[in-house]
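Participant: all I have is the shape, not the residue letters:
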């Protein structure tokens, strides 16, 4: 029998993206260079099909039409990021008037279309000058970031009521300092830990500046990519592996962001390997006193682990994988294009954890989506028939609905993403949008999922 899935009144239906991934105009109107611009210039071969962040989906010039289309597709909210290197070229000093004008226009256009702007301050796009002096390893950069955050609050805080300090702060740590996937492409656990700690500190400093301004009706949070960790079995060694994986991949940012302190087990573990960052008591106090008011959850896949099969190389690079192996569960469902498992219940497990262990903090699904390669194969009558995307969203929404029924404090669902956008290193290999983008002509075409999503948003739910 068909079941109706109705969501709470005022539920946020929308999507998320970031500056580097849609704006384009990388060298226009006084924008400074960020790590992606620099790396692409230096090593274009590292990027899929040699496509860099120069033009992407050209939102910089097409935002009006794009926002109009968002409205048509049922959006009542939209998360985007401000580019630090566009607003303050070089990361410190003069504010770029052209950038202020652009972001003001985007915010005003969203509000005009009854779409609530959610603004992320940092989405993987460190100004190259800041990275050159160590990025968040350097406490000076932490202060420059706080200054940049304050500038954003002052410029746009009269209209933006939903702020986010960082998107997926663990990603630059793992990908930039351990796993060769992001610039600065360093492999050094000690520096990775220092960068992670500096990021948590920068987030707390931004929150401190935000609180000083007392912006009426505004809230500040953080967006974390949480991966529920499942152990292969109930064997103590497997359970221990899962506990450590959870400490590294989830709790390293979840605990300081919400509870204001690091998990003791993580501190002990780092200490025993002589990998604690340089910190002071006053900094820990700052983190303690400046926690988030809400949290965005990016959920794509679960993380399955088991006890190590082999001892790590004692002379090799220290990484979190010293303590667990990834477990390939027989029979798991996969998105073959991304190499990721599809497991809808994970979204529910994350939310129950937030409810039971993190004070049922206000939260929303800030990203969830599926990237598929070669979507043009599915064009029929000029429209991409992406039933797989509809299915993916629908099955996740069912578990999200169950979590809400069971008392989880969830306010919305944002899909990754509105229109096909440029992915870090992967460029346009996998497409995630409700709307397809022709890179030659920049023409936008709504996919089948876009029309479906519109119905869901308008009905505040669906029947299945």
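Facilitator: Sure, I can see it. Predicted, not measured: the structure shown is a model, and the values here were computed from it.
Participant: please enumerate the helices of the stretch 301-450 of the chain.
Facilitator: In chain order, the stretch 301-450 of the chain shows helices spanning 345-357, 387-405, 448-459, with DSSP state H, counting those that start in this stretch as the criterion.
Participant: who are the packing partners of the last one?
Facilitator: Applying 3 or more CB pairs under 8 Å, 6 or more residues apart in numbering; DSSP states H and E, one finds that helix 448-459 contacts strand 12-16, helix 387-405. Glycine gets a C-beta too; all of them are placed from N, C-alpha and C.
Participant: circling back to that earlier point, export the helices of the stretch 301-450 of the chain as CSV, with columns for mean pLDDT and distance to residue 169.
Facilitator: Below are the helices of the stretch 301-450 of the chain laid out as CSV (pLDDT from 0 to 100; distance: least, CB to CB, whole Å):
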stretch, mean pLDDT, distance to residue 169
helix 345-357, 98, 17
helix 387-405, 98, 23
helix 448-459, 98, 28
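Participant: hang on, the earlier thing: and the helices and strands packed on helix 448-459, which is most packed in?
Facilitator: Burial among the helices and strands packed on helix 448-459, expressed as mean neighbours by mean count of other CB atoms under 10 Å, is greatest for strand 12-16, which shows a mean of 25.
Participant: which outside residues touch the next helix or strand after that one?
Facilitator: Helices and strands here follow DSSP states H and E; after strand 12-16, the next one along the chain is helix 19-22. With contacts defined as CB atoms under 8 Å, 6 or more residues apart in numbering, helix 19-22 is touched by 34, 36, 53, 56-59, 80-83, 86, 123-125, 417, 419, 421-424.
Participant: can you map out the helices along the stretch 1-150 of the chain?
Facilitator: 19-22, 35-42, 59-72, 84-87, 97-112, 128-132, 139-156.
Participant: quick one: residues in contact with the longest one.
Facilitator: Counting by CB under 8 Å, 6+ apart, helix 139-156 makes contact with 82, 84, 87-88, 91-92, 95, 100, 103-104, 107, 119, 121-122, 130, 133-136, 163, 165, 198, 201-202, 205-206, 208-210, 213, 215, all of which sit outside it.
Participant: mind doing that once more with 6 Å?
Facilitator: Judged by CB atoms under 6 Å, 6 or more residues apart in numbering, the contacts made with helix 139-156 from elsewhere in the structure are 82, 84, 88, 91-92, 100, 107, 121, 130, 135, 198, 201-202, 205-206, 209-210, 213.
Participant: how far off helix 97-112 does it point, in degrees?
Facilitator: On the basis of axes from the mean of the first three to the mean of the last three CA atoms, to 10 degrees, helix 139-156 is oriented at 50 degrees to helix 97-112.
Participant: equivalent analysis for the second one, please.
Facilitator: In terms of direction (the same axes, to 10 degrees), helix 35-42 departs from helix 97-112 by 120 degrees.
Participant: distance of residue 281 from residue 287?
Facilitator: Applying CB to CB, to the nearest Å, the value for residue 281 to residue 287 is 11 Å.
Participant: then residue 170?
Facilitator: Separation of residue 170 from residue 287 (CB to CB): 16 Å.
Participant: residue 199 too?
Facilitator: As defined by CB to CB, residue 199 lies at a distance of 11 Å from residue 287.
Participant: and residue 12, by the same measure?
Facilitator: In this view, residue 12 and residue 287 are 28 Å apart by CB to CB.
Participant: among the helices and strands packed on helix 448-459, which is nearest residue 237?
Facilitator: Distances from residue 237 to each of the helices and strands packed on helix 448-459 were compared by CB to CB, and the smallest falls on helix 387-405, at 29.6 Å.
Participant: got the angle for the closest one vs helix 448-459?
Facilitator: Computed by the same axes, to 10 degrees, the angle separating helix 387-405 from helix 448-459 equals 30 degrees.
Participant: quick one, helix 387-405 and helix 345-357 angle?
Facilitator: Note on geometry: by the same axes, to 10 degrees, helix 387-405 and helix 345-357 are set 20 degrees apart in direction.
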